[in-house]
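Enquirer: Give me a 3D structure for the following:
(chains A, B, C and D)
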Amino acid sequence: MPRNGAQPLLEVSQLTKHFLGVTALLDVSFDIYPGELLSLIGPNGSGKTTLFNCVSGFLKLDRGQVRFKGEDISNVRPDKIALKGIRRTFQDVRTFQEMTVLENLMTALQQHQEENMIERVLGTQRIQQFEHAARERALELLDMVDLRPWQHMQARHLAYGQRKLLEFVTALMPDPDLIMLDEPAAGVSGEMVDRMKQHIRALNAQGKTILVVEHNMRVVMDISERIVVLDYGRKIAEGTPSEIQTNELVREAYFGH
Amino acid sequence: MPIEVAIFIEHIINGLTLGAFYALVTLGLSLIFGVARLVNFAHGDIFMVGGYTLFLLLNLSGVDLPYPLIILIVVVITAIVGLLVERVVIHPILNQSWRVQAVATLGISIVLQNLALILFTSDPKQTPTPYSRQIIEVMDIRISVQRLIVLVVVIVAFVGLQWFVKRTQLGKAMRAVSQNREMCQIVGIDVQRIAMLTFAISAGLAGLAAALMAPLFSVTPTMGLLITLKALAAVILGGLGQVNGAFYAAFLLGMIEALFGGYVSYQFRDVVSFGIFVLILFVRPQGLFGRKVGL
Amino acid sequence: MNRLKFVLFVSVVLLVVSGSALYAQDDATPIKIGLYAPMTGPVAFLGEGFQYGATIAIEDLGGEIEGHPLELVVADNKCNPTDAVTAIRQLIEVDEVDVILGGGCSSATVAAQDVIKEGETPAVSATSTNPSIYNGMGVGGNIWQFRVNPDDLIMASAFASMIAEDTQRISLVAENTDFGRGAITAYKPIFEELGLEIVTEDYFDLGTADYRPALTRIRASQPDSLLVVMTERDGSTFMRQLREVGVDAKIYSRGSLTSPLFLEYTEDDPTIGEGIIEFSFWAAGLDPEFDAHFLERFDTPNSPHRGMSYYVTRYVIGEAIRNAILNEGEATRQTIRDELEATSIETPIGLIEFDDHNQAYPFGTLQTIEDGKTVFFDTVELVPVDHGE
Amino acid sequence: MRGTSRTSIAFWIGFVILTLVLPQFLRTGYLINALIVTVTWIIFALSFDLSAGHVGTVSLGHPVFFGLGAYVTALAAPALGLDYVGSVLLSMLAMGVLAYVSGIAFFRIAEVTFAIGTLGALIIAQLLANNAFEITGGPMCTQGVSRPVINLFGLTSISVTEPIEYYYLLLPLLFLTILVYRRLAHSRIGRAFAAVRQDEVRALAMGINPMRYKLLAFAAGGALIGALGSFQAQYITLVCPSELALSYTLNLLIIVFVGGSGSFRGVLLGAIIFTVLPRILETVGNVPPAYQQLIYGVILLLVIRFLPDGLDSVIERVLARRRGVSREVSDAA
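Expert: You can find the predicted model right below:
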């Protein structure tokens, strides 16, 4: 939905991906506009995660195009895409287990702050300033999700829900233009689901653009402005939560005939 | 038959027997990787243990055991050694990173080699059988019966292993573990036990290789080193964990060596076989017979 | 603080080492013979052989010379130059040996030369056949290094012409070590000069299991003779497979393919070594009494390394020590060296006298295997040859 | 990562002084040679650990850079008329470039396949050195490498022969290695190394290009080891194919894994134990070599079984308790 005639932030057009003869995605197209919160839903194996991986550069596209801020980012390496301002989380919660919570966060920012290897080897004044700034930012984010008391603990000692929060704030570290969250509410307690929901909403309220893949329908319906539904790798519906709730095709895909 | 043709046939036969030798050692190595995701750098040293077992059995004073029985005893003893190694060293680190596992098996290799050196000195031990002396001569091509036995047994072992993996309870469980370890744990297959038995089978196969091959050369503490490297190359070329692929790759290596060593240069044959191995890795990191998997 | 403690820890460890090294100083009464050889790795058999030979030699000397007990100190040079430097320094500076017995592995021998020279310790090589150290010894600069065995250049001039008498086409086969390479390097130009056609040339790494691809090629090349430079360890396997493939050629050997050990390795089929003609500086049967003595003592037959180690320790080093004590009053590195230089002794391997390059010229020996037995049939006078630059 | 605290300044001053004065207390060439061997292994293992311990790429082919570095000096330096510094730089450059280029090819493969692929490369290199007889002398070695000569501004030159002089010649390389190791491992780059080691996929998602850091560690390590090989060639004055041996790889693994991978203190400890223990076993215990090797093997297995993070983890635990920062650990429990 164009807002005030703005350019879409992310344009996905006719994305197609095959695995060993199986079609995981076929001609999927949708746009995300700045400040929007878009959810991607669909039954198991509908291609949500594949789409996530295609957009973030972890999988090569067989056909189609992904544009970010008007620039073609199809088949660009994942690290380059990340530096262009797209950050993602993973379904199976990935944190750097042997790093402390604070180091996890600081790692997320450093590539954005400088690219000069020599400066880093020398540890110049500028690098030390970056280091200082990164620490400030990290502590701010840890305060936000109440993880500050654990800042010096190795990530592997955290509880699952805490690691999920850590991964979430890690994605926020460089203040990216687009945040992609892969099942932020999966596998955590009800209380944690609510906290996660609040954080996502608050973030969106600040004007952040967010793309969410989520299984938990309650969460999806609560937070989304717009929803895209996938089934067997095809887009079968797109609309507001209320439109999707009443869509026949969606019901069929979820509950069968 | 012109002499060139006879020589060519002989080179092919050389390649087949060399390949059969590599294949027998490779089978066990590939099996362990498939089931336990473990690269056993001590596999060749278990082969060496089999060699010394053969030596001891052939030289038992007062007893003259028939060769087939000796082979069987060697297989059983190496399988037990394999089991012990698994219990003592491998078992506790089964869930550690591949780095730790690799270093641990290298540690086993150091221990076994030096134990052999202390127990038997570095003097090569001879383990001839009546078959290694019997030579068949057909149209200018001479080959010992022992080599023919190796060829036949390798094929039997390969087919037997196929049958075992596809038809028996244990074999099916092994296959299941190699395909999805987590799922097996969930459905209640005892993964640890399967890994242990696989280790024993793998060691037994190395013992079989030793009982068949050692009569053609000799037994020394360091005899396992080069064969481990060759077998590793075959396992990777075959596609990690693909037992069939590794088997074919072993024959491929044997053939390359025999033909290059026979027609071009013997001393550079390993440069060529390892060179081909490394080049194939660059082009097909998943091996010749392995499938490429996505993220 | 904690890092300082770590530094302390490191220093303590290092002090313990240096302390233990100082502790190892001797009180100068026993005479120490250092054995410098590979004791581990693929050629550990060389070191083992040397240890056998030196041990039995010291026993035969009664464990002492003129009242001074003899002590054998072993250092493992691992047959590589890096460990060789450590091992030779260990012998000279820590164990403070009076004389060094060395053998095998020219890489280790070459690496030790400077340390021996600087450490002013006499060293006697018993089986190192690489010609490359000849020029540096004696008048070449290193007066401390001696060599009893002839090198390959010295032997090749005698043996090659013998081979050429019944050979037009020759195949060269050698182990891929300094021993094998060194020998072929010495023989090849002489064969070419004598007009022989070299039809194949192969080098095999130690421990090679399958020789068939090369043997098939050798058979196809139809040589009259093979020159095989191997020890009995790999040589027995090589010969076994050579008979299997059916190479029909005369076998000349410049290794140890006719030794009792070779026969032991091939005892299941005594025809394997039949007719091999071997040229060496040691032969079983040269000294049958000692061969029997050795077999009785260690329950394993004598071999070139075992035998040479014995003769050099018992006669050359033993006599030099004895003369040093008798003529100079005490056996020091200097007096032993001086007596070594003056050595003139009849031994079962011939008259040992060193030339101005500290090189001795024992017999060349010829032996063969006949009816499954080693037959020593002749000795050959060896003479100095031009070693070039 | 932590700022330069007073204790660490004290440590480094102590370390430098210790390394400078140590040989003055060692009176024999044997002990100084032993010290050179220890320092050699420290440099070798630190350079190896840059990749293996920090980036997580365990190459079993690292001795290639050592052996070829030595051959480059032995074969090319005389032809170019280089002095000691020149020849070390030449080997360093050559091996750095070789590591970088081969890294581009080898990092296409990962983990076990990478380890075995690099092992294959080591075997090829050694076979070539052994069989390219006309160039390298094969098993008869490249002999007569000249002893180091240092040209001083073309005016005069110093030649080096004594072990103690060699030691001081090696020392700058030790300091350089430690400096590179520290700067790479304990800076923001070290954090990227750790990210690549722990989870390559997540590192990618954070904008870290794993290839770049793998290559950086590999090339830096390769260059340092190349320089070390150059020193070795001029110290032993002989280069043999055994300098490319698999046994060196085993030694590296023993040092790094027994000491503690990814830790300067661990690697230092491992290298010292590895080089000092055999001397003690030999001089005091008179333990035969095969038994020594057996002891190493058993130690390696015991450490892996009971101290998977190496001996350093014990020291770390003791220090942590002293420091009183154990509260974090107890929080976690």
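Enquirer: Stretch B:237-257 and chain A in contact?
Expert: No: Stretch B:237-257 lies apart from chain A when judged by Cβ under 8 Å from any Cβ of the partner chain; the minimum separation is 14.9 Å. For glycine as for every other residue, the C-beta is placed from the backbone atoms N, C-alpha and C.
Enquirer: in the stretch 1-150 of chain B, what residue is nearest chain A?
Expert: Residue nearest to chain A within the stretch 1-150 of chain B (Cβ to the nearest Cβ): residue B:97, separated by 11.6 Å.
Enquirer: ok, now the stretch 51-200 of chain D?
Expert: Counting by Cβ to the nearest Cβ, the stretch 51-200 of chain D gets nearest to chain A through residue D:198 (4.6 Å).
Enquirer: Give me the number of neighbouring residues for that residue.
Expert: Residue D:198 has 20 neighbouring residues, counting by other Cβ atoms under 10 Å in any protein chain shown.
Enquirer: shaky segments in chain B?
Expert: B:1, B:290-295 (pLDDT under 70).
Enquirer: Strands of that one, start to end?
Expert: B:125-126, B:135-138, B:141-144, B:218-219 (DSSP state E).
Enquirer: got any ranges where the stretch 101-250 of chain D has weak pLDDT?
Expert: Judged against pLDDT under 70, the stretch 101-250 of chain D has no low-scoring part.
Enquirer: Run through the residues of the stretch 1-150 of chain C sitting next to chain B.
Expert: Going by Cβ under 8 Å from any Cβ, the residues of the stretch 1-150 of chain C near chain B are C:40, C:41, C:42, C:44, C:45, C:48.
Enquirer: Take these and write them to TSV, including secondary structure and neighbour count.
Expert: Listed next are the residues of the stretch 1-150 of chain C next to chain B as TSV, based on DSSP: H, G, I helix; E, B strand; the rest coil; neighbours: other Cβ atoms under 10 Å in any protein chain shown:
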residue	secondary structure	neighbour count
C:40	coil	23
C:41	coil	27
C:42	coil	18
C:44	helix	24
C:45	helix	24
C:48	helix	20
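Enquirer: Farthest pair within those residues?
Expert: C:42 and C:48 (12.4 Å; Cβ to Cβ).
Enquirer: between these two, what contacts are shared?
Expert: Taking Cβ atoms under 8 Å, 6 or more residues apart in numbering or on different chains as the contact rule, the neighbours common to residue C:42 and residue C:48 are residue B:122.
Enquirer: does chain B sit close to stretch C:262-272?
Expert: Yes: contact of stretch C:262-272 with chain B (Cβ under 8 Å from any Cβ) involves C:264, C:265, C:266, C:267, C:268, C:269.
Enquirer: mind listing which of these are in helices?
Expert: Secondary structure defined by DSSP state H assigns C:264, C:265 of the residues of stretch C:262-272 next to chain B to helices.
Enquirer: nearest spatial neighbour of residue A:231, skipping sequence neighbours?
Expert: Spatial nearest neighbour of residue A:231, excluding adjacent residues (Cβ to Cβ, 6 or more residues apart in numbering or on different chains): residue A:253 at 4.1 Å.
Enquirer: how far away is residue A:200 from chain D?
Expert: Distance of residue A:200 to chain D, given as Cβ to the nearest Cβ, to the nearest Å: 18 Å.
Enquirer: swap that for residue A:156, please
Expert: 9 Å.
Enquirer: correct me, but that residue touches residue A:98?
Expert: Yes: between residue A:156 and residue A:98 there is a contact under Cβ atoms under 8 Å: 6.9 Å.
Enquirer: Quickly find the element holding residue C:69.
Expert: Applying DSSP states H and E as the criterion places residue C:69 in strand C:68-76.
Enquirer: Quick one: list the elements packing against that strand.
Expert: strand C:31-37, helix C:44-60, helix C:81-89 (3 or more Cβ pairs under 8 Å, 6 or more residues apart in numbering or on different chains; DSSP states H and E).
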